[in-house]
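Enquirer: build me a structure from this.
(2 chains)
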Amino acid sequence: MPDEAIIEEPSAIETIPVKVDGREISVPKLTPDWQGKLVPTTVLQACKHAGIEIPHYCYHPKLPVAGNCRMCLVHVGMPGRPGPDGKPPMNEDGSLKIDPMVLPYERGTPKGVIGCATNLIPGMEIYANSPETKEMREAVLESLLINHPLDCTICDQAGECKLQEYSMEHGQAESQFAEQKVHKPKAVDLGPRIILDAERCVLCTRCIRFSADIAGDDALGIVNRGSYNTIATFPGAPFDNNYTLNTADICPVGALTSKDFRFQMRVWFLKETNSLCTGCATGCNTVIGSRENKMYRQEPRENDAVNGPWMCDSGRLDYKWIGSEKRLKEVRSQNSDARSWDSVIAEIGGKLEGAAAGSVAIVASARQTNEELYLLKKLADKFEAITDSVPRNGEGDHLLVNADKNPNSNGARLIGIAGETLGANLPPIAEGIESGAITTLIVFGEDVTQHGISEALLEKLDLLIVSDIFPNATTAKAHYLLPGCAYAEKRGTFTNVKGRVQKFMKALDAPGDARAEWEFLHELVENVTGQNGFSTIEGLFNQMATEVDAFKAKELNWAALGDDGVTVDF
Amino acid sequence: MPQEYKLLLKHADAKGYSNDLECYERHGGYAALRQALAIAPAGDATPQAQLRKRVLDSGLRGRGGAGFSCGLKWSFVRHPNPKPVYLICNADESEPGTFKDRQIIYKDPHQLIEGMIISCWANHVNLAYIYIRGEFTEGAKILNTALAEARAKGYLGKDILGSGHDLEIHVHRGAGAYICGEETGLIESLEGKRAYPRIKPPYFPAALGLYMCPTIVNNVETLCNVKHIVEMGAEEFAKLGTPNNTGTRLVSLSGDVKNPGYFEIETGKVTLGELIHHENFGGGLREGRTLQAVIPGGSSSKVLKAGETFKLGEDEIALLDVPYDFDTLMKIGTMSGSGAIIVIDDSRDIVECLANLAEFYAHESCGQCTPCREGALWMNKALHRMTHGEGRAEDAEYLTHIAQNIQGRTICAFGEACAWPVLSFVEKFRDEFEAKAAVKK
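Expert: Numbers count the residues shown, from 1 in each chain, chains lettered A, B, ... in the order given. Here you go, the predicted structure:
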């Protein structure tokens, strides 16, 4: 998210008293709007403070207010208009007189206000669960459902659909509707990643507002009139920016679905795991949906310090490789069949032990976790090894995508694997191999033949230890090949472009004998250095936090990272 | 004897009167503008503030439908304002039954332009728009010609008549939908967008109108009156009509009368009965017909049933004795709206009449907010079913249920506009609806 969207909470918060369902509470007078600007608190937000959810479709805290769905209609009581003396009407006991709102032209009929766009005023009473409010909700739900196809059984949104949820919570089981439903376009190809079912759409315009106001692509609009209103793109202009899949996330119903996910899996079967996107240095927070060790989707997880509720399409869809058949699954040494981890780690340890200071180089990857880089740094320190990690630069954009395509460049810098400019040590390493000064090379997660260390150079080495998850030209030359894990298969932390240290959890089991890098690195470090470190990720992180200056300064520990992470100075 | 009082339409239909500037000036045109620009500051009161006060004191109420005080509406704009203030003339006349504004636009456009220039000067407006109904192609041409004439004569443009005030007026043709006449929908449409009305709060035009700047939206007839208020003075103007219902009103009379047409009356000085039956107005019903119903203020207003009587304080008043003004019609549960009276005689099938209106509203609902979007078409489908021999005994209740779930719950007044005909027709003609349900195809 842009910096200006992040608002520091004011130290002393001015409050306003409000009565919700007869209970007097104090709520902040001001609340950040969708852009983070402090504006008067609304009825809907006040109810949230009171622990009451006002149902809504069009309202979204990170989008401009539209006020069109009317689901958040709430009956309220207001002070009367000031009389000629300038004072509002009072009760006999001297308190402010509050009158439940009625229609101006039909004084016996209660009038609701939309909670999303109605600011609190002093003295206001909110009847969030009164019969009047419930009746308004039932009526809006009935209207929303009369032309809805009621096709939950084949709808991908089922299980996470606000129409379903509110119908159960606030609706009636029956409708009086006795007419023919409106029929609208189905399975409309809006763009390369989004499908529209116009009959399911409640026309809340969240997708339109997201695309225009957040993604900066005014690509969606409404055509036709009244009940025939339909979301549409301009003719011949597909909905194709790098953020389109967010519209499927915020669509409260099954109107917009992801082509990648539709008809793949019932959402209630999905196991949800907190994770991070590794597509660039932004480190968008995600939730992985998986079942039976297969990943079906990843969605953004809200974190206002990083990505808000959004993520880019390219990052979101960059997961298919995880379950690929081509993954490395066996531990190998040169010209051997599959070997056991125990024997290989012991053997590598033995070979490394005799290495002379300065004869070892380590090329790590800024796609590795802080913990893995920390363990590699331990090895490096032992042999006074020259280290680096590979830079990966591309294009950034105005919203979330960063030009640095590594998720953990800052981790590599802070831990000391890489200098300020990633890759600066790669030419010296190549020269060292060429000159024979460097005889042992350890490579993690990179194909160094693409980065100035040719296959011919690799062949000169006495010892080449490689860990990766896919075969490449470097793995082909490895004396020892150690199959590692995709991010979804392990735990760890990354440090993003803003210095935010964030953790991710394990969603899937690794294929074959592949193991989390920090596990076998931990064993190797123990063998080589004799130091008995921690054998859990929590312990490892906490130990690292006492040794890496930037982490130490913030007194980081695994538990304190929470779900949202902690920002460190760098 | 009840008769017309011609103020706005004084010249429009006169023999030999044409819509060009020369003719307008020959009939005293633009004298009021010179008069307004000549107002001297009085103490703290700027000439503009004095003019606004005059409009407030005249009691002028909006002629577009809601009947809100024009002076009060103007007073919501703060002066001096850090943003530009815009004025928009709402010429999107499209309420079924209404055909009054077009008389002025086609026959006496300079009267509107003069009223606008004075109003713009009074409200520190340098840029104004006439948002004219898309179907009035000829009207747009006439206005553009008239504006060019006014510009050439120095009534528009830089330093109007040496006053130091600059003003430009543009004609913008509407987008062909009824909702474009709703003032915030109109503003959206003028901005080049779909005419989705804005939520109020926060988007009150006086604060956040056109391009999020303070904006005054007035009806054609309202703006014309401003010219006459300047000419006559607020006090004299307020003597026209009845207290709190000052000035004249242009009434569009249509339906089952011998002499349909438009009439200008002193507000409240003529009764509904006189408008329908008197030879100076509607001239009565066709031979052998009796009155069944009256829609008194455009198709959105609640229908009145022949023979109805109303309690007004101590008095009981018969339908035909109701004075045609703002307040009395409100007190009897309906409104004078845009001044369009639709007369329905006993030859009409009342359910068919409502079905016709419901079809209009279903077609014109913009579809932005749920209750109206779904409800307007729902009511139309139910009524279509009823008029095609598939009515049910419960349909009267059913229609009322739908309409009640619309009124008061929508973004704009279209919700009321489509619900009120249904609520009032069903309530007042329940027998006819039940009888209709019994007729099978």
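Enquirer: every contact and neighbour count from this point should use C-alpha atoms.
Expert: Will do.
Enquirer: quick one, phi psi at residue B:344?
Expert: phi -120, psi 120 (degrees, to the nearest 10).
Enquirer: in the sheet, who's paired with it?
Expert: residue B:293 (DSSP bridges).
Enquirer: I'd say it and residue B:296 touch.
Expert: No - between residue B:344 and residue B:296 there is no contact under C-alpha atoms under 8 Å: 10.8 Å.
Enquirer: between those two, which one's more packed in?
Expert: residue B:296 (28 against 25; other C-alpha atoms under 10 Å in any protein chain shown).
Enquirer: so where do the strands sit in the stretch 151-300 of chain B?
Expert: Assigned by DSSP state E, counting those that start in this stretch, the strands in the stretch 151-300 of chain B fall at B:168-173, B:215-219, B:241-242, B:245-246, B:248-255, B:261-266, B:291-295.
Enquirer: show me what the second one is packed against.
Expert: It stands for strand B:215-219. helix B:70-75, strand B:85-91, helix B:205-208 (3 or more C-alpha pairs under 8 Å, 6 or more residues apart in numbering or on different chains; DSSP states H and E).
Enquirer: what residue in chain B comes nearest to chain A?
Expert: residue B:367 (3.6 Å; C-alpha to the nearest C-alpha).
Enquirer: what residues are up against that residue?
Expert: A:225, A:226, A:227, A:228, A:229, B:373, B:374 (C-alpha atoms under 8 Å, 6 or more residues apart in numbering or on different chains).
Enquirer: just give the nearest non-adjacent residue to it, would you?
Expert: residue A:226 (3.6 Å; C-alpha to C-alpha, 6 or more residues apart in numbering or on different chains).
Enquirer: touching, that neighbour and residue B:374? I think so.
Expert: Yes - assessed by C-alpha under 8 Å, residue A:226 is found in contact with residue B:374 at 7.3 Å.
Enquirer: and the two? Which one has more around it.
Expert: Neighbours were counted for residue A:226 and for residue B:374 using other C-alpha under 10 Å; residue B:374 has more, 27 against 23.
Enquirer: part of a helix, is the more buried one?
Expert: Yes - assessed with DSSP: H, G, I helix; E, B strand; the rest coil, residue B:374 lies in a helix.
Enquirer: return the residues in contact with it.
Expert: A:143, A:144, A:146, A:147, A:226, A:227, B:367.
Enquirer: show me what contacts the most centrally placed residue in chain B?
Expert: Centroid-nearest residue in chain B, with C-alpha atoms, centre = their mean: residue B:64, separated by 2.3 Å. Contacts for residue B:64 (C-alpha under 8 Å, 6+ apart) come out as B:218, B:219, B:220, B:221, B:222, B:337, B:338.
Enquirer: so the second one makes contact with residue B:62?
Expert: Yes - using C-alpha under 8 Å, residue B:219 is in contact with residue B:62, at 6.8 Å.
Enquirer: measure stretch A:389-409 end to end?
Expert: Its start and end residues considered, stretch A:389-409 measures 8 Å (C-alpha to C-alpha, to the nearest Å).
Enquirer: which parts of that stretch are buried?
Expert: A:389-392, A:399-409 (16 or more other C-alpha atoms under 10 Å in any protein chain shown).
Enquirer: if you average pLDDT over that stretch, what comes out?
Expert: In this model, stretch A:389-409 carries a mean pLDDT of 97.
Enquirer: show me which residues of chain B are close to chain A?
Expert: Contacts of chain B with chain A, taken as C-alpha under 8 Å from any C-alpha of the partner chain, map to B:199, B:201-202, B:333, B:362-378, B:381-382, B:398, B:405, B:408-411.
Enquirer: these in strands, which ones?
Expert: Among these, none falls in strands (DSSP state E).
Enquirer: make a PyMOL selection of the buried ones in those.
Expert: Filtering the residues of chain B next to chain A down to the buried ones (16+ other C-alpha under 10 Å) takes a single PyMOL command:
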select buried, chain B and resi 199+362+363+364+365+366+367+368+369+370+371+372+373+374+375+376+377+378+381+382+398+405+408+409+410+411
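Enquirer: most tightly packed of the helices and strands packed on strand B:215-219?
Expert: strand B:85-91 (a mean of 26; mean count of other C-alpha atoms under 10 Å in any protein chain shown).
Enquirer: run the chain-centre distance for it.
Expert: Relative to its chain's centre, strand B:85-91 lies at 14 Å (C-alpha atoms, centre = their mean, to the nearest Å).
Enquirer: please save the CA atoms from whichever helix or strand comes after it in PDB.
Expert: Downstream of strand B:85-91, the next assigned helix or strand under DSSP states H and E is helix B:101-107. What follows is helix B:101-107 as a C-alpha-only set of coordinates in PDB (Å, rounded to 0.1, in the frame of the first residue of the first chain):
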ATOM      1  CA  ASP B 101     -41.000  24.200 -18.900                       C
ATOM      2  CA  ARG B 102     -40.900  23.500 -22.600                       C
ATOM      3  CA  GLN B 103     -43.400  26.300 -23.200                       C
ATOM      4  CA  ILE B 104     -40.900  28.800 -21.900                       C
ATOM      5  CA  ILE B 105     -37.800  27.100 -23.500                       C
ATOM      6  CA  TYR B 106     -39.400  27.000 -26.900                       C
ATOM      7  CA  LYS B 107     -41.400  30.300 -26.900                       C
END
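Enquirer: just the ones of the contacts of residue B:64 in helices?
Expert: Among the contacts of residue B:64, the members falling in helices (DSSP state H) are B:220, B:221, B:222.
Enquirer: which residues sit in contact with the closest residue to chain B within the stretch 151-300 of chain A?
Expert: Relative to chain B, the nearest point of the stretch 151-300 of chain A is residue A:226 (3.6 Å; C-alpha to the nearest C-alpha). Counting by C-alpha under 8 Å, 6+ apart, residue A:226 makes contact with B:362, B:363, B:364, B:365, B:366, B:367, B:368, B:372, B:373, B:374, B:376, B:377.
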